[in-house]
Structure formats: C-alpha cells, structure tokens
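Visitor: what's the 3D shape of this:
(one chain, ligands or ions: 2)
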Amino acid sequence: MDEPGPPAGDEAPPSPPTPTPTPSAPDTPYGILIVDDEEAILESLEFTLGTEYRVFTAHDGRTGLEIFDREDIALVIADQNMPGMTGVEFLEKVIERDPRAIRMMLTGYADISSLARAVNTGRIYRYITKPWEPDELRINVKRALESYALSSENSALAGALAEANERLRAENLYLRQEVERRYSFEGIIGESPAMQRVFEVMKKVAETDATVLITGETGTGKELVARAIHYAGTRREQHFVAQNCGALPDTLLESELFGHRRGAFTGANADKKGLFEVADRGTIFLDEIGETEPGMQVRLLRVLQEGEIRPIGSSNTLHVDVRVLAATNRDLETLVAEERFREDLFYRLRVVEIKVPPLRERRSDIPAIAHFFLEKSNARMGRKLGGFSNAAMDLLTACPWRGNVRELENEIERVVVLAGDEPQVSVEMLSSNLRGGSADVPAATADDAEIEDWNLNLSVDNMKRRMIVAAIRETGSKTRAAERLGIPRQSLQKMMKRLGLTDEAVGAS
Ligand SMILES: Nc1ncnc2c1ncn2[C@@H]1O[C@H](COP(=O)(O)OP(=O)(O)OP(=O)(O)O)[C@@H](O)[C@H]1O
Ligand SMILES: [Mg+2]
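Guide: Ligands and ions are numbered 1, 2, ... in the order given. Below you'll find the model as predicted:
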C-alpha cells in the first residue's frame, strides 16, 4: 500500500524489507506470490514486479500456502531449494489447490535437468535461473499472466458453454418427454381389452404411411390417437398439423389447407402457405372430415391420389409428401349411402380404420382415467384430493358418459375446482346429474338404445348402487331409505356391504 514505486531497472533492495507477506500494489489486477528462504531474493523480485502487480512474499512453503489460500494468486514463483518443503513439493500443493495458477521455479543451479521433466510435463510453466535479468523476468511474467488470462477466460467460456449445453439438453429432453408423455400410447390410458386392441392397430399403422380413418363418438380420444400415431412413427420429427374441417366455411377451409397467392381474393394481402405445405414430410390430421362440402372432397381426393395441391389463385400445383389421418364422429358409410360423402374419398381415407370405443364399452378404464384427471387437476389447481370414495367411484363407473372421456375429464375438473379441503372425492361432490336420482335410472320399459351395458349382473349392481345412494341422500337415513326401496333394513345393510358402499361414502347416519 505504501510501496514506494522503485525506479525502473533499479535493482537496489528496497527498505524496509518485508518480513511478513504484504500486498505491494493493491490496485493492479494480478496477485503474484514469491516463496524463497533468502530475504534478498524476495526483496529483489518484489522490487522488479511490485509496481505492476500485487506481490506477496513468504520465506517458506507453509506460509506461502497460507497466503495462496487467502489471496487471489495468479502466479507463483518458488525457490527450488528451501529448508522444509522444497520448491517442487510446494508447487505440487499449489496445483492441488488451483491448477490454473502459473508456476515458476527459481533455481540457483546451472544443472536444470532435474527441472526439465517438471517443465515438460507442465507442472512448471518455466524456470528462472539465478541471477536473472530484470527486464527479461518482467517479460516472462507478463507472458505467463497473459496465458493465465486466456486460460481463465477459456475455462470460464468452457464452463458457460457446458452449462448452456446442459441446459439446452435438459430442455430438449423435457420437451421431448413432454410431447411423448402427452401423445405416446402411454399417455392414452386404456387397460381394457377394447383399448388394447386399438393400441395394437395403432402400433402397426404408426410404422407405415397408411392413411387412417379414426372413428368414434365425440370425446372418445380420436385426436389423442391421431397424435400418438404421428409421434410413434418415423415422421415424428416433422410437423403434426390439425384442422377441424367442420369449423370453417368451404372457401376459408380451402385457403387454410391449400394456401393462397397474394391477391387471390379480397383480403389476400400476401402469399399464405397452406397446412398441407406446412405438414410436408409430416402429418396432417383432418378432424370432422364428415363435415366437408363436395368441392372440398374433390380437392382432398386429389391430394390423396396425386400428392398434389394447388394454392388458391395459383396456376401451379405443388407436390407434397404428407401423411393423412382423418377423424369423424359421423357414420361415413351412411353419408356415402345418402350421397353426401364421396365414396371414392371414403375408401381412400379408410385404408385402415381405427374405431375408438365409447367409454361405456370400456368401463374398466374409468377408475384409472378418473385418477389420471384427478392428479392432473390437483397439480394444476394446487389441490390434494387423495382419490375417490368407493361410492363416488361406483357412480363414476356406472355413468353412461355420453360425452365420453371429455365429459369425465370435465366432471373431475369441476369437482376439483369446487373442492374445499376434503381429503377425497365423495358422492356429494359429483354433479347432481350423475349422483343417483331416480330421474337418471332408466325406466323399466327402456328400449334397446338405452341399454348401456349388456352384462346383466354388472348393470343390475350398478343400478342398485345408484338407487341406494339416491335413496339415502334423499331420505337422510338408512331406515327410511330401506322403506323407500321396499326392502328390509338388514337387506339394505347386506347389499351395501356387497356393493362396497360404506356409510360415510354414501353419507348415511
Ligand atoms: N384414453 C385416454 N386417456 C387419457 N386421456 C384421454 C383419453 N382419451 C381421451 N382423453 C382426453 O379426453 C379429451 C378428449 O379427447 P379428444 O379430443 O382426443 O377426443 P375426440 O374423440 O377427438 O373428441 P371430438 O370428437 O369431440 O373431437 C382430451 O383432453 C384427451 O386428452
Ligand atoms: Mg376431436
């Protein structure tokens, strides 16, 4: 701090000597540590380097290491021959602490062969023979510190790069897993034999470019199936685009699918790529294909036959390589019979047909799907509903679910939104139209269309559950419920036990 800047080139020892290590030029960036048992050498080196660097001195290796640990040291100069720890031993310890620090060795011997190996293997940056030329030493130190700066910068850059790479890799992995989790077969819950058969066909067609017609009632998961086929196939790295063909008037749909040239119609201010072009080498999903007009059907037939599209207002056709998946909840065969859907297009689309069964034909999937949505909603809304009471699950499995999986999803979401701090979903929390109520029980004269499940025992049990729950809820006690149901109280008790209905689940006193 109070270092008197010595005149350049003057090697006269400064006064007073520094018996303990003290920083000599605090404003300069690099710290240099000199370790030598000879006071005169320390003084002389400090004199040479002290104006440009922060110089620390020590008489032995142990004190040197203490300073090294405490201060920010870029370069170390050590004498080879010192009592106690030798210079080589000291520098080895420096390497352990920070391998980036530049290490120089002072040697009083002409015989430097013993150091040559250390220099060659990079343990020592260079050696300095005594006596040294001050200017030469300054230049050597300057160069050494430049290389230190570079290596620090490099390692910082390398570190930042490695970190950025790692972050990117993790993000990619996350995104890929996210996509796969959402659309892979694993994302489609279906243990039931009916769904297992669907998965079998999906697996087979995923590996091909075959056009697939996916049919099924609304909300059965047709779009989910389409995405899963795309992401399980060889086109997975390319685009998957979806268009609802029932949502737009014919001309707009044409421009969406095939694109248009600037000026093709009022409002077409620029060229626009159609989805078929966007999906080139990927997959297009034509949802609600049954809603298309005859003109559109002709254009679609052309893409399927020739792989060609013509943007509106263009005189040229474009060739595209697009896999087509289509879906409908209409009965296309009927539409064909009624001449509302082109037969040739129908057969082109239905190279393979996947029929996604309605939820009521795979009731065994309901508990798993319900839990899946419960967890999803819990996570989204920060709730902790731990599951369903037996009675609640009974009701869910017995429901007709005309809106299929989507209706079930909406129901669970509604329950979670409205839930307080209940530990689980109980019957009371379900929508009233699901919850028992004789209005929901099919009349005895129900015609075939009303029969949801042809397994008689199962259906009767489900109906019993719903009636019992409804009766208890309406009358408020098991005794009165038994009266209402026209059975002895004891029978009700037994029946509830067999059907897995607990008192608390049905809210009985
Ligand atoms: N097996 C399943 N497992 C998990 N989630 C499902 C399953 N099937 C459907 N879903 C979910 O249910 C909802 C409806 O599915 P999707 O949109 O695929 O049905 P859709 O048949 O295309 O219906 P629509 O005919 O009304 O267009 C989506 O949120 C979807 O993620
Ligand atoms: Mg759909």
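
Visitor: Mind listing residues that contact the one helix or strand residue 296 maps to?
Guide: Using DSSP states H and E, residue 296 maps to helix 294-306. Helix 294-306 has contacts (CB atoms under 8 Å, 6 or more residues apart in numbering) with 211, 245, 250, 253-254, 257-258, 276, 286, 292, 308-309, 320, 322, 324, 341-342, 344-345, 348-349. The way it works is simple: take the backbone N, C-alpha and C, and place the C-beta from them, glycine included.

Visitor: How far off centre is that helix?
Guide: Offset of helix 294-306 from its chain centre (CA atoms, centre = their mean, to the nearest Å): 38 Å.

Visitor: pLDDT on that helix, on average?
Guide: Helix 294-306 comes out with an average pLDDT of 95.

Visitor: what's the answer for stretch 358-371, then?
Guide: 92.

Visitor: next one: that stretch to chain centre, how far?
Guide: Distance, centroid of stretch 358-371 to centroid of chain: 27 Å (CA atoms, centre = their mean).

Visitor: which SSE is residue 55 in?
Guide: Element membership of residue 55, judged by DSSP H and E, is strand 54-58.

Visitor: For ligand 1, what's its nearest residue on this protein.
Guide: residue 221 (2.7 Å; CB to the nearest ligand atom).

Visitor: Quick check: that residue touching residue 188?
Guide: Yes - in this structure residue 221 lies within contact range of residue 188 using CB atoms under 8 Å: 6.4 Å.

Visitor: Note down every partner strand of the strand holding residue 55 and its orientation.
Guide: Partners of strand 54-58 in the sheet, by DSSP bridges, are strand 31-35 (parallel).

Visitor: circling back: just the buried residues from the contacts of helix 294-306, in PyMOL please.
Guide: PyMOL command restricting those to the buried ones, with burial defined by 16 or more other CB atoms under 10 Å:
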select buried, resi 211+245+253+254+257+258+276+286+292+309+320+322+324+341+342+345+348+349
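
Visitor: Ramachandran angles for residue 459?
Guide: phi -70, psi -40 (degrees, to the nearest 10).

Visitor: State the number of residues packed around it.
Guide: 15 (other CB atoms under 10 Å).

Visitor: Flag every buried residue along the helix holding residue 296.
Guide: 296-297, 299-304.

Visitor: which two from these end up farthest apart in space?
Guide: Farthest apart among the buried residues of helix 294-306 by CB to CB are 296 and 304. That separation is 12.5 Å.

Visitor: Which secondary structure elements does the longest helix along the chain sit against?
Guide: What stands out as the longest helix in the chain, according to DSSP state H, is helix 134-183. Counting contacts by 3 or more CB pairs under 8 Å, 6 or more residues apart in numbering; DSSP states H and E, helix 134-183 packs against helix 39-49, strand 75-79, strand 102-107, strand 126-129, helix 222-232.

Visitor: Please convert these to JSON lines, extending it with mean pLDDT and mean neighbour count.
Guide: Shown next, in JSON lines, are those (pLDDT from 0 to 100; neighbours: other CB atoms under 10 Å):
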{"stretch": "helix 39-49", "mean pLDDT": "90", "mean neighbour count": "21"}
{"stretch": "strand 75-79", "mean pLDDT": "93", "mean neighbour count": "26"}
{"stretch": "strand 102-107", "mean pLDDT": "87", "mean neighbour count": "22"}
{"stretch": "strand 126-129", "mean pLDDT": "78", "mean neighbour count": "16"}
{"stretch": "helix 222-232", "mean pLDDT": "94", "mean neighbour count": "23"}
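
Visitor: now the ones you listed in CSV, with distance to residue 505?
Guide: As requested, these are exported to CSV (distance: least, CB to CB, whole Å):
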stretch, distance to residue 505
helix 39-49, 84
strand 75-79, 76
strand 102-107, 76
strand 126-129, 83
helix 222-232, 31
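
Visitor: right, so of the ones you listed, which gets closest to residue 203?
Guide: Comparing these by their distance to residue 203 (CB to CB), the top pick is helix 222-232, with 7.2 Å.

Visitor: Mind listing residues that contact the helix or strand just after that closest one?
Guide: Next helix or strand after helix 222-232 toward the C-terminus (DSSP H and E): strand 240-244. Strand 240-244 is contacted by residues 223, 226-227, 230-231, 253, 256-257, 275, 278-279, 282-288 when judged by CB under 8 Å, 6+ apart.

Visitor: Next step: these restricted to helices.
Guide: With helices taken from DSSP H, the overlap with those comprises 223, 226-227, 230-231, 253, 256-257, 275, 278.

Visitor: Can you list the low-confidence ranges for the stretch 351-500 of the chain?
Guide: For the stretch 351-500 of the chain, the stretches flagged by pLDDT under 70 are 435-455, 457.

Visitor: Over to the stretch 51-200 of the chain?
Guide: 108-122, 169-186.

Visitor: Show me what from the protein comes close to ligand 1.
Guide: Residues of the chain lying close to ligand 1 by CB under 6 Å from any ligand atom are 188-190, 216, 218-224, 329, 369, 372, 405-406, 409.

Visitor: Just the contacts of helix 294-306: which are in strands?
Guide: Counting by DSSP state E, these place 286, 308-309, 324 in strands.
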